[in-house]
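Enquirer: All I have is the shape, not the residue letters:
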């Protein structure tokens with residue numbers, strides 16, 4: 001049985017929600033400490049909320065995928081931050097990373113720096129020969145697509161969680177499954193990490209059906225040949 005997965009970063013590592021490529025029956029919830037642990041023989045496609053493909057030289061507004069995704073997102077555009085220069089990944093601390101980034105055309109946000117470990121994990125995973133397909137996505141754009149319009153509430157609020165749960169239920173997720181992992185006060189993940197992973201699973205199925213939105217529509221690759229394109 002071939003599976004697809006939506007994966008979101010969390011305090012405990014990576015939240016994964018996987019299911020059969022053809023339906024949402026019996027989805028599986030997992031938390032992985034490292035991204036490399038996700039590779040399984042029955043998993044053929046992953047959508048993850050993390051920058052994939054890194055430019056060496058930077059331009060104002062970031063990668064084409066960052067600029068176009070920010071333009072497409074109606075509300076909360078700041079949730080799409082500029083990805084670092086590939087050269088900055090070698091830095092030992094924020095000051096060094098920021099200096100390298102500036103030398104390539106643009107300063108580095110603290111938000112981007114805090115994600116360096118996870119960005120590197122995904123980047124290293126892409127070097128493996130026997131691995132699932134992996135594409136970048138963005139949960140807020142996914143939920144916006146599910147709704148067909150602006151998401152009203154922030155995901156960190158009670159109203160925002162309810163809004164997103166309602167959209168998942170509307171698009172085929174099982175209420176019992178959702179309720180099983182919401183409100184657990186876990187040290188490993190937050191409610192919105194789980195819901196984001198669910199949304200990315202929904203988009204992964206759209207990819208398999210050739211129904212996804214591509215941002216940008218044209219394929220761009222970084223110097224390593226990695227595709228820089230969101231699948232929504």
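Expert: It's in. A quick note: this is a predicted structure, and the numbers were derived from the prediction, not measured. Residues are numbered from 1 along each chain as shown.

Enquirer: so which helix or strand takes in residue 159?
Expert: helix 158-170 (DSSP states H and E).

Enquirer: Report the mean confidence score over that helix.
Expert: Mean pLDDT, helix 158-170: 97.

Enquirer: if I look at residue 177, how far off is residue 78?
Expert: In this view, residue 177 and residue 78 are 31 Å apart by CB to CB, to the nearest Å. Where you see a C-beta, it was placed from the backbone N, CA and C, and this is true even at glycine.

Enquirer: Those two: which has the busier surroundings?
Expert: Neighbours were counted for residue 177 and for residue 78 using other CB atoms under 10 Å; residue 177 has more, 19 against 9.

Enquirer: re the thing from before, quick one: list the elements packing against the helix holding residue 159.
Expert: When contacts are defined as 3 or more CB pairs under 8 Å, 6 or more residues apart in numbering; DSSP states H and E, helix 158-170 packs onto helix 139-147, helix 175-180, helix 191-208.

Enquirer: now the angle between helix 191-208 and that helix, please.
Expert: 30 degrees (axes from the mean of the first three to the mean of the last three CA atoms, to 10 degrees).

Enquirer: what does helix 158-170 contact?
Expert: Helix 158-170 is contacted from outside by 143, 146-147, 151-155, 175, 178, 182, 191-192, 195, 198-199, 202, using CB atoms under 8 Å, 6 or more residues apart in numbering.

Enquirer: what about it, distance to the chain center?
Expert: On the basis of CA atoms, centre = their mean, to the nearest Å, helix 158-170 sits 18 Å off its chain's mean C-alpha point.

Enquirer: what angle sits between it and helix 139-147?
Expert: On the basis of the same axes, to 10 degrees, helix 158-170 is oriented at 60 degrees to helix 139-147.

Enquirer: buried residues in helix 158-170?
Expert: Buried positions in helix 158-170, judged by neighbour count with 16 or more other CB atoms under 10 Å: 160, 161, 163, 164, 165, 167, 168.

Enquirer: same deal with stretch 57-72?
Expert: 58, 62, 63, 64, 65, 66, 67, 68, 69, 70, 72.
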